[in-house]
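Asks: whatever this is, show me its structure:
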Amino acid sequence: HGALRPPEIILQVMADAPGVTHAARGEDDLGRPVVVERHGVLFGDGGVQVVKIQRIHAAADERARLIVKKARVGLQKDARGLVGKRAVDVDREVRMPVHHAGVLDLADEIQIPQIPEPDGAWLYDVFFQLRLDHPEIFWATGYKYRYYKDSPNIIFIPEYLFEKNKIREHQKAMTARIDKLVRAATKLSEWEKEKYVHDFICENIRYDKLKKPYSHEIIGPLGQGVGVCEGIAKAVKVLLDELGVWCVIAICGNNPDKGIKYRHTWNIVRVGGVYYHLDATFDNTLGKNDQIQDIRYDYFNLDDKSIFRDHEPLIAPAPHCTDHEHFYYKEKKLSFTKQEDVYKRSLQAAKKGRTLTFHWRGGYLTREVLKELLDLIRKAGEERKKTPVVNVNWPQAVLSLHYIEEQAQECITMDDANEGEKE
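Replies: Next up, the predicted model:
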């Protein structure tokens, strides 16, 4: 009596060490918890054998959602500054304060109530959801846990990205950076705030093809100016959260058969009470592909039908986006249904030396229709003795063009917005 019992079971789990996306193996997506027993460790590179796989989609079950909500509170603490102002769940419900040390205090160990699940899969779901709902907690990238037989509690042991003093430096820097960025947009409408954040990403962030660990967190885009899709989606969420615009992170699976090696992450926003897809990473890639590097809005406020033309199915639940009437190009009267409109606007672009980016809504963009549109674009250039340079985003039926003075061979490029997620 009174002697400390040795733990009966010790489990270690790292939630896709570099991040929730860019895992190389299809079976380890975080929508399907993987539990590795006997000191096993789950890594995103597929380098460690998985002992046991539990295919439990916890977030799809109401009981599990309550478990996630209850346990997630145990991993947080009421705090001022970086996290305290944004500690809200997906329904914007403010968390109840928990007055004990947690991840926010950089605790080495956290005691939380045990949930009667035989394999600890619920904790995986909690940590997965925590990283998506609260990307401002950028330093907690994995965890271990242990528990004693018949104990009502478990010991949660966070894995931190940096040593603690470095984390505190980054916390201060991120707080100041976020406050400065949102200051100019606080009085804008919801739609304007969304565009402000989208444009910031497209103008200031470079895709990190080396996929450094910090590029998966907000400190990549907001601190270093680089990021992968995960870090970019997290940065969008943090900024929109601070601006009071509802936003969650969406995740789709990989698809090796299509050459898509990695999972991909983007955002779903709620503007004017309506849900839309927003993929700032894809727009950022398209803008960088263009020779003149304009901001693109091909993935700004899309519905489900449009986004899944070139995105894989979701691996975690998310709201349905059904509104097809308010995507960016239609809002800006740049969604054409008549070929004569394409010709007229191309003439204006050739005359004024401007870029024209438009969406084609006059039926499917077949090869034949595309050829007809390109002929009109070419004809408009000939009238001004200019040569067209055209980028085509075929899945989204978007063409971006400008004209050059030289009588050179015309340039037609098929855009690939998914550059970073492929082999």
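Asks: wait, isn't Ile404 in contact with Lys386?
Replies: Yes - assessed by C-beta atoms under 8 Å, Ile404 is found in contact with Lys386 at 6.4 Å. Placement of C-beta: from N, CA and C, glycine included.
Asks: between the two, point out the one with more neighbours.
Replies: Counting neighbours by other C-beta atoms under 10 Å for Ile404 and for Lys386 shows that Lys386 has the greater number, 21 against 15.
Asks: in this structure, which spans are helices?
Replies: When assigned using DSSP state H, the helices of the chain occupy the ranges 62-74, 121-133, 164-183, 190-204, 219, 229-242, 280-289, 304-307, 328-331, 339-352, 367-383.
Asks: CA atoms only: put the second one into CSV for me.
Replies: What follows is the C-alpha trace of helix 121-133 in CSV, where atoms were taken according to Å, rounded to 0.1, in the frame of the first residue of the first chain:
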residue,chain,number,x,y,z
ALA,A,121,-8.1,5.1,-29.9
TRP,A,122,-10.2,7.9,-28.4
LEU,A,123,-7.1,9.7,-27.3
TYR,A,124,-5.8,9.6,-30.9
ASP,A,125,-9.0,11.2,-32.1
VAL,A,126,-8.8,13.8,-29.4
PHE,A,127,-5.2,14.8,-30.4
PHE,A,128,-6.1,14.7,-34.1
GLN,A,129,-9.0,17.0,-33.5
LEU,A,130,-7.0,19.3,-31.2
ARG,A,131,-4.4,19.8,-33.9
LEU,A,132,-7.0,20.7,-36.4
ASP,A,133,-9.2,22.8,-34.2
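Asks: dump the helices of the chain into TSV; add mean pLDDT, mean neighbour count and distance to Val248 as well.
Replies: Shown next, in TSV, are the helices of the chain (pLDDT from 0 to 100; neighbours: other C-beta atoms under 10 Å; distance: least, C-beta to C-beta, whole Å):
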stretch	mean pLDDT	mean neighbour count	distance to Val248
helix 62-74	41	16	14
helix 121-133	83	23	7
helix 164-183	95	15	18
helix 190-204	97	20	13
helix 219	95	25	20
helix 229-242	97	28	7
helix 280-289	89	24	14
helix 304-307	97	18	14
helix 328-331	98	19	20
helix 339-352	96	17	36
helix 367-383	95	16	35
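Asks: in a markdown table, list those along with distance to Asn153.
Replies: Below are the helices of the chain laid out as a markdown table (distance: least, C-beta to C-beta, whole Å):
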| stretch | distance to Asn153 |
| --- | --- |
| helix 62-74 | 10 |
| helix 121-133 | 12 |
| helix 164-183 | 24 |
| helix 190-204 | 40 |
| helix 219 | 32 |
| helix 229-242 | 30 |
| helix 280-289 | 40 |
| helix 304-307 | 42 |
| helix 328-331 | 50 |
| helix 339-352 | 65 |
| helix 367-383 | 62 |
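Asks: between those helices, which one is nearest to Lys211?
Replies: Comparison of the helices of the chain against Lys211 by C-beta to C-beta identifies helix 229-242 as nearest, at 9.4 Å.
Asks: if we can go back for a sec, Asp416: which of the helices of the chain is closest?
Replies: That would be helix 280-289 among the helices of the chain, by C-beta to C-beta, at 7.9 Å.
Asks: what residues does that closest one touch?
Replies: 197-198, 201-202, 205-207, 228-229, 232-233, 236, 264-267, 293-300, 391, 393, 400, 413, 415-420 (C-beta atoms under 8 Å, 6 or more residues apart in numbering).
Asks: can you tell me which of the residues you listed end up in strands?
Replies: Using DSSP state E, the members of these that fall within strands are 206-207, 264-267, 300, 391, 393, 400, 413.
Asks: and those residues, which two are the farthest apart?
Replies: So, those by C-beta to C-beta: farthest apart are Asn267 and Thr413, at 26.7 Å.
Asks: got the phi and psi for the closest residue to Val274 other than its chain neighbours?
Replies: Spatially, and ignoring its direct neighbours in sequence, Val274 is nearest to Asp323 (4.9 Å; C-beta to C-beta, 6 or more residues apart in numbering). The phi/psi pair for Asp323 (degrees, to the nearest 10) reads phi -80, psi 120.
Asks: which ones are touching Lys212?
Replies: 220, 226.
Asks: tell me the spacing between it and Pro256.
Replies: 24 Å (C-beta to C-beta, to the nearest Å).
Asks: ok, Thr366 next?
Replies: 28 Å.
Asks: cool, and Glu163?
Replies: Distance from Glu163 to Pro256, by C-beta to C-beta: 37 Å.
Asks: got it, and Ile112?
Replies: Ile112 is 37 Å from Pro256, by C-beta to C-beta.
Asks: who has more neighbours, these two?
Replies: Ile112 (21 against 11).
Asks: beta partners for that one?
Replies: Ile154 (DSSP bridges).
Asks: surely it is in contact with Ile154?
Replies: Yes - applying C-beta under 8 Å, one finds Ile112 in contact with Ile154, separated by 6.2 Å.
Asks: which neighbours do the two share?
Replies: Joint contacts of Ile112 and Ile154 (C-beta under 8 Å, 6+ apart) do not exist.
Asks: OK, contacts around Phe336?
Replies: 342, 345, 358-362.
Asks: same thing but at 10 Å, please
Replies: With contact taken as C-beta atoms under 10 Å, 6 or more residues apart in numbering, Phe336 is in contact with 329-330, 342-345, 358-362, 373, 399.
Asks: again with Glu406
Replies: 385-387.
Asks: buried among the ones in strands among the contacts of helix 280-289? Make that a PyMOL selection.
Replies: This is how PyMOL selects the buried members of these, with burial counted by 16 or more other C-beta atoms under 10 Å:
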select buried, resi 207+264+265+266+267+300+391+393+400
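Asks: between the ones in strands among the contacts of helix 280-289, which sits nearest Lys149?
Replies: Thr265 (38.3 Å).
Asks: so for the closest one, what's the pLDDT?
Replies: As predicted, Thr265 sits at a pLDDT of 95.
Asks: name the residues linked to it by a beta bridge.
Replies: On the basis of DSSP bridges, Thr265 is bridged to Ile251.
Asks: isn't Ala185 right up against His198?
Replies: No - Ala185 is not in contact with His198 according to C-beta atoms under 10 Å; the separation is 11.4 Å.
Asks: now do the shared contacts for those two.
Replies: Both Ala185 and His198 are in contact with 239-240, where contact means C-beta under 10 Å, 6+ apart.
Asks: Glu325 touches Glu331, doesn't it?
Replies: Yes - counting by C-beta under 10 Å, Glu325 does reach Glu331; the two are 8.9 Å apart.
Asks: so what sits against both of these two?
Replies: In contact with both Glu325 and Glu331: Asn301, using C-beta under 10 Å, 6+ apart.
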